[in-house]
Each structure stands twice: as structure tokens, then as C-alpha cells.
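> model the structure of this input:
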Amino acid sequence: CSSRKSPLKLRVMDFIASAAILPLLFGCLGIFGLLRLLQWMRMKAYLRGAVVVITGATSGLGKECAKVFYAAGAKLVLCGRNGEALEELARELFTSPATQVQTHKPYIVTFDLAEPGTIVGAAAEILQCFGHVDILINNAGISYRGAIMDTTVDVDKRVMETNYFGPVALTKALLPSMVRRRRGHVVAISSIQGKISIPFRSAYAASKHATQAFFDCLRAEMKQYEIEVTVVSPGYIHTNLSLNAITADGSRYGVMDKTTAQGRSPVEVAQEVLAAVGRKKEDVILASLLPSLAIYLRTLAPGLFFSLMASRARKECKSKNS
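Next up, the predicted model:
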């Protein structure tokens with residue numbers, strides 16, 4: 001008799017369990033959705049009305065970042081070397097269709113990050129625009145293609161000046177005003193090559209490794225002043241970065257690499273940058289599966305990683321010589 005009741009009891013217990021699990025599951029989903037909504041609202045509030053400085057704003061990722069931060073209601077200061085291009089972008093943004101949030105006319109500040117003598121004056125001009133800076137996005141940069149043995153030290157210095165020393169100098173010039181207010185957010189647009197190095201990119205990878213190290217140190221030192229630091233490391237993006245890259249002798253590369261052509265849309269990456277900044281993330285990798293795995297391979301199996309990079313270097317040499 002008891003054996004005949006056992007299946008019935010099991011079915012009843014299963015029913016009770018399922019009846020209890022479903023409300024719990026829906027409750028968890030509801031809590032998760034509420035947390036995401038609160039996070040989204042907090043991000044919107046953080047960006048709305050914030051004074052955002054973007055370097056390298058006239059093209060590529062910088063231009064798309066300008067668009068998404070403007071649409072989010074930020075007060076923009078657009079920086080770059082080409083004043084006419086900055087003016088055109090400012091007009092484009094200000095005359096763009098209305099959004100759901102209040103937008104603000106962008107300011108422009110023209111200077112060259114590769115010219116150390118211009119940084120202090122540019123920082124003073126930036127601070128005059130809105131009186132302070134909430135978020136600094138160090139985006140401007142230059143890429144490089146070439147063999148180490150063929151590359152002059154002047155080329156190494158030029159890449160480092162634009163990608164490392166320029167952003168460092170601008171950050172240092174604006175930091176005191178952030179520290180006084182105990183409020184600020186410094187963003188460095190680095191690269192996946194700031195974490196791993198690939199052949200024939202030595203100057204670029206070195207500059208991005210230096211960038212990663214500097215801003216990691218900055219994050220630790222600025223924590224006591226409640227200043228946020230975010231390092232964003234994208235993989236390949238479909239921009240003109242490779243076209244404008246410099247070569248071993250300092251000339252323009254002028255080629256759209258296949259990897260760059262197949263890279264992610266700068267619009268998509270700009271949205272990811274906006275989300276990372278809004279959520280105050282500290283270190284963000286925006287790359288496909290293989291480059292992301294390579295970071296862990298470099299740490300966990302360095303010998304294998306080095307062998308793969310050596311093989312890649314041999315293949316590239318053969319393709320260039322054929």
C-alpha cells in the first residue's frame with residue numbers, strides 16, 4: 001500500500017516544489033530587472049549635465065563618443081588639432097534632432113597633444129569653458145606599423161608623445177581642479193595591445209602598455225579623493241587608424257588593414273564606452289573572443305603565447321617578402 005502511495009507523494013512534492021520555485025524565479029528576475037533599471041537611471045543622472053572633455057574628437061571613435069555623450073545630455077568640450085573639423089562637429093551636434101534630455105552647445109579647444117608646450121594653456125582654456133571638468137576622455141592617439149630594426153627612435157618618441165606623454169600631461173594639468181572639488185572621472189582609451197603585444201606594432205603597444213600602467217597607478221592614488229579612473233581597451237575598430245598610422249621611417253602607412261576593416265563599428269564601441277563611464281567601471285576590455293583569451297594565455301602559458309607570436313611574425317615576414 002505504502003509503495004503505491006510513493007509515486008503520488010513524489011508527484012505532490014514535485015508540484016509543491018515547482019509551485020514554490022516559479023514565484024521565487026520570477027521574484028529574482030523582477031529584482032534583477034529593478035536593479036538594472038536603477039543602474040540605468042543612475043548612469044543617466046551621472047552623465048546628464050556633466051562636463052565631458054574628449055580629445056581626438058574629430059574622427060573615428062572620438063567623434064562617435066562625442067555624439068553619444070552629447071545625446072546623453074553632457075556638456076562637451078571637443079579637443080583636436082583641426083579647428084575647422086571641430087567647428088563642423090560642434091555645429092553637427094548642436095543642430096542634430098532633439099533628444100529626450102536637455103543638450104548643450106559644445107565648446108572647442110584646438111591643440112596638439114604631441115606638442116608638450118601647448119598642454120598647460122589648453123588645460124586652462126578647457127577649464128574656462130564651463131569652470132570645471134567632470135569627465136576627461138583621453139581618446140586621441142596614433143598607430144604604428146613597422147619592424148623594430150627598421151624603426152628610428154624618433155618614431156618611437158613620436159608615438160609615445162601622442163599616445164602617452166600627451167594624455168599624461170593633460171590629465172596632470174586638470175587633476176588639481178578635480179582634487180579640489182573631490183569629484184572627477186579620468187578615462188583612458190587604451191587598446192587590447194596595452195595588455196598583449198603583437199609583432200610589428202612595438203611603438204604602439206609600448207605606448208599603450210605605458211598608458212595602462214600609468215592610469216592603474218592613478219586609480220589607486222586618486223581613490224582617496226573620490227576620483228574615478230576607467231581604462232577602456234578595445235580590439236580592432238573600423239576606423240582610419242591604420243590608414244593614418246606611421247611607419248618605421250615616420251611616413252604615413254596609408255593601408256586599411258584587413259583586421260581593421262573587419263573591426264567593430266565605432267558607433268557600437270562608443271556606446272560601450274558611454275556605458276562603462278556611466279557605470280564607473282575601472283577596467284574594460286572590448287574585444288572579440290580570441291584577443292580576450294590571448295590576455296589570459298600570456299599570463300597562464302607565456303611560453304605558448306611567445307611561440308604563437310613568433311609564428312605570426314614569420315608569417316607576416318613571408319607575406320611581405322612574397
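> output the below-cut-off pLDDT ranges for this protein.
1-41, 98, 322 (pLDDT under 70).
> in it, which residue is most central in space?
In the chain, the residue lying closest to the centroid (Cα atoms, centre = their mean) is Val232, at 3.2 Å.
> which SS class is that residue?
With DSSP: H, G, I helix; E, B strand; the rest coil as the basis, the three-state label of Val232 is strand.
> elements contacting the helix or strand hosting Val273?
Per DSSP states H and E: Val273 is located in helix 266-278. Here helix 266-278 touches helix 2-47, helix 60-71, strand 135-138, strand 184-189, strand 227-234, strand 283-286, going by 3 or more Cβ pairs under 8 Å, 6 or more residues apart in numbering; DSSP states H and E. Bear in mind the C-beta positions are built from the backbone N, C-alpha and C, glycine included.
> now do that helix against helix 60-71, angle only.
Using axes from the mean of the first three to the mean of the last three Cα atoms, to 10 degrees, the direction of helix 266-278 lies 60 degrees away from that of helix 60-71.
> quick check: Leu112 vs Met256, distance?
You called it Leu, but residue 112 is Asp. Separation of Asp112 from Met256 (Cβ to Cβ, to the nearest Å): 25 Å.
> wait, a helix at Leu76?
No: Leu76: not assigned to a helix; according to three-state DSSP it is strand.
> next, count neighbours for the residue lying closest to it once chain neighbours are set aside.
Distances taken as Cβ to Cβ, 6 or more residues apart in numbering place Pro106 nearest to Leu76, at 4.0 Å, with adjacent residues excluded. When counting by other Cβ atoms under 10 Å, one arrives at 25 neighbours for Pro106.
> so who does Pro106 touch?
66, 70, 75-78, 89-90, 93-94 (Cβ atoms under 8 Å, 6 or more residues apart in numbering).
> what's the answer for Ser288, then?
Taking Cβ under 8 Å, 6+ apart, we find Ser288 in contact with Gly235.
> quick check on the contacts of Pro106: which are buried?
For those, a neighbour count by 16 or more other Cβ atoms under 10 Å gives the buried set as 66, 70, 75-78, 89-90, 93.
> among the residues you listed, which one lies nearest to Gly131?
Using Cβ to Cβ, Lys75 comes nearest to Gly131 of those, at 10.3 Å.
> on that earlier part again, quickly note the distance from the residue nearest to the residue nearest to the centre of the chain when sequence neighbours are not counted to Arg48.
Sequence neighbours aside, Val284 is the residue nearest to Val232 in space, at 4.8 Å (criterion: Cβ to Cβ, 6+ apart). Distance, Val284 to Arg48, using Cβ to Cβ: 21 Å.
> do Glu226 as well
Distance of Glu226 to Arg48, given as Cβ to Cβ: 19 Å.
> what do you get for Asp134?
11 Å.
> next one: Pro199
44 Å.
> picking that back up, show me which of Asp134 and Arg48 is the more surrounded one.
Comparing Asp134 with Arg48 by other Cβ under 10 Å, the one with more neighbours is Asp134, at 19 against 14.
> does the more buried one touch Phe69 like I think?
No: when contacts are counted by Cβ atoms under 8 Å, Asp134 is not listed as touching Phe69 (10.9 Å).
> which neighbours do those two share?
Val52.
> picking up where we left off before, which one of the contacts of Pro106 is nearest Pro302?
Nearest member of those to Pro302, counting by Cβ to Cβ, is Ala66, at 39.2 Å.
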